[in-house]
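A.B. asks: what follows is a predicted protein model with its sequence.
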Amino acid sequence: MAFVLHNSLFTYLALVPLLFNLCYCFNLKLLNVSKLDSGSGWSSARASWYGNPSGAGSVGGACGYQNAVEAAPFSSLITAAASSIYNSGKACGTCFQVKCTRTASCSGNPVTVVITDECPGCDSQSLLFDLSGSSFGTMAISGKENQLRNVGIEQIQYRRVHCNFGGVSVAFRVDPGTNENYFAAAVQFENGDGLAGVELKQAAKSGGAWLKMQPSWGAVWKVDLPPNYKPPFSVRLTAGGNSGKTIVADKVIPANYKPGQTYRSMVNF
């Protein structure tokens with residue numbers, strides 16, 4: 001009887017540390033999953049990449065930013081979005097953080113990217129983002145960018161964030177189709193959560209009414225001009241999201257403006 005009790009006690013004492021360790025590891029995993037999926041605002045998706053491995057994907061894209069996608073502040077850290085996110089251009093210029101953790105070459109650190117293009121076939125392939133080569137590689141551990149790009153399609157986490165272009169002011173690229181009867185421009189580099197509205201006014205008439213512009217395509221807004229509606233023009237922007245904040249780019253479009261040119265304001269949200 002004593003032998004049996006001694007044996008049982010020995011077995012119990014030997015198993016206690018093992019059971020403790022198993023429970024300890026299991027609880028750590030549950031804690032990590034809880035932090036990632038429940039409290040942080042991250043969602044899961046699949047992402048691919050396109051274009052030059054260290055480039056901006058393609059010049060311009062469906063938002064109409066042209067070669068601005070390669071220069072600061074976009075700096076090639078951009079992405080094409082599935083049509084469900086692109087939302088007929090309403091998401092142009094909005095920012096997302098993306099990160100990957102499943103592949104050994106992933107750093108797990110978030111990278112902020114700007115939507116500048118649409119990926120029309122992505123939804124059917126269960127992809128939400130088609131990142132530029134630069135954006136995709138930036139999710140990697142330093143020195144392992146090519147290893148990550150070689151994966152091709154990667155499981156990621158993403159979340160929408162407010163844009164902050166670090167002191168860069170809003171710019172307006174006048175659409176090439178603009179004329180004396182019609183004005184259109186792509187709005188670039190606005191901080192915050194996109195745009196809810198854009199309006200135009202003759203700067204020479206301080207008491208004049210603002211003309212409400214309509215979305216044309218991508219980041220381009222348009223309006224038909226009344227007779228004799230002459231520049232310089234001021235532009236009023238209303239922020240997206242819940243803020244409703246407005247800013248005015250006073251006389252940002254000069255009297256001698258040229259279609260295809262970009263004009264920088266002195267303001268941002």
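C.D. replies: That came through, no problem.
A.B. asks: pLDDT below threshold where in this structure?
C.D. replies: For the chain, applying pLDDT under 70 flags the ranges 1-40, 205-206.
A.B. asks: list the contacts for the residue positioned nearest the centre of it?
C.D. replies: By CA atoms, centre = their mean, the chain has its centre lying nearest to residue 95, at 2.5 Å. By CB atoms under 8 Å, 6 or more residues apart in numbering, the contact list for residue 95 reads 112-115, 160-164. The way it works is simple: take the backbone N, C-alpha and C, and place the C-beta from them, glycine included.
A.B. asks: for it, list each beta-bridge partner.
C.D. replies: According to DSSP bridges, the residues that bridge with residue 95 are residue 114, residue 161.
A.B. asks: relative to residue 192, how far out is it?
C.D. replies: 9 Å (CB to CB, to the nearest Å).
A.B. asks: which neighbours do these two share?
C.D. replies: Counting by CB under 8 Å, 6+ apart, the residues touching both residue 95 and residue 192 are 162-163.
A.B. asks: now residue 93, nearest residue through space, not along the chain?
C.D. replies: Sequence neighbours aside, residue 219 is the residue nearest to residue 93 in space, at 5.5 Å (criterion: CB to CB, 6 or more residues apart in numbering).
A.B. asks: pretty sure residue 263 sits in a strand.
C.D. replies: Yes: judged by DSSP: H, G, I helix; E, B strand; the rest coil, residue 263 forms part of a strand.
A.B. asks: my guess is it contacts residue 171. True?
C.D. replies: Yes: here residue 263 lies in contact with residue 171, judged by CB atoms under 8 Å, at a distance of 6.7 Å.
A.B. asks: can you show me the helices along this structure?
C.D. replies: Ranges of helices in the chain, per DSSP state H, are 2-37, 83-86, 133-138, 145-149.
A.B. asks: quick check: buried residues in the last one?
C.D. replies: Using 16 or more other CB atoms under 10 Å as the test for burial, helix 145-149 gives 145, 148-149.
A.B. asks: next: the shortest one.
C.D. replies: Residues of helix 83-86 classed as buried: 83, 85-86 (neighbour count, 16+ other CB under 10 Å).
A.B. asks: and that helix, what other elements does it pack with?
C.D. replies: Applying 3 or more CB pairs under 8 Å, 6 or more residues apart in numbering; DSSP states H and E, one finds that helix 83-86 contacts strand 111-119.
A.B. asks: distance from the strand it packs on to the middle of the chain?
C.D. replies: Distance, stretch centre to chain centre, for strand 111-119: 5 Å (CA atoms, centre = their mean, to the nearest Å).
A.B. asks: stretch 194-206 too?
C.D. replies: Taking mean C-alpha positions (CA atoms, centre = their mean), stretch 194-206 and its chain are 25 Å apart.
A.B. asks: give me the contacts around it.
C.D. replies: 90-94, 183, 187, 208-213, 221, 223, 229-241, 244, 250-251.
A.B. asks: which of those fall within strands?
C.D. replies: 183, 187, 211-212, 221, 223, 233-239, 250-251 (DSSP state E).
A.B. asks: please indicate which of those are buried?
C.D. replies: 183, 187, 211, 221, 223, 233-237, 239, 251.
A.B. asks: just name the closest of those to residue 43, please.
C.D. replies: residue 239 (23.5 Å; CB to CB).
A.B. asks: how many neighbouring residues does the closest residue to residue 231 other than its chain neighbours have?
C.D. replies: In space, residue 231 comes closest to residue 255 once its chain neighbours are excluded; the distance is 4.9 Å by CB to CB, 6+ apart. Burial of residue 255 is recorded as 11 neighbouring residues (other CB atoms under 10 Å).
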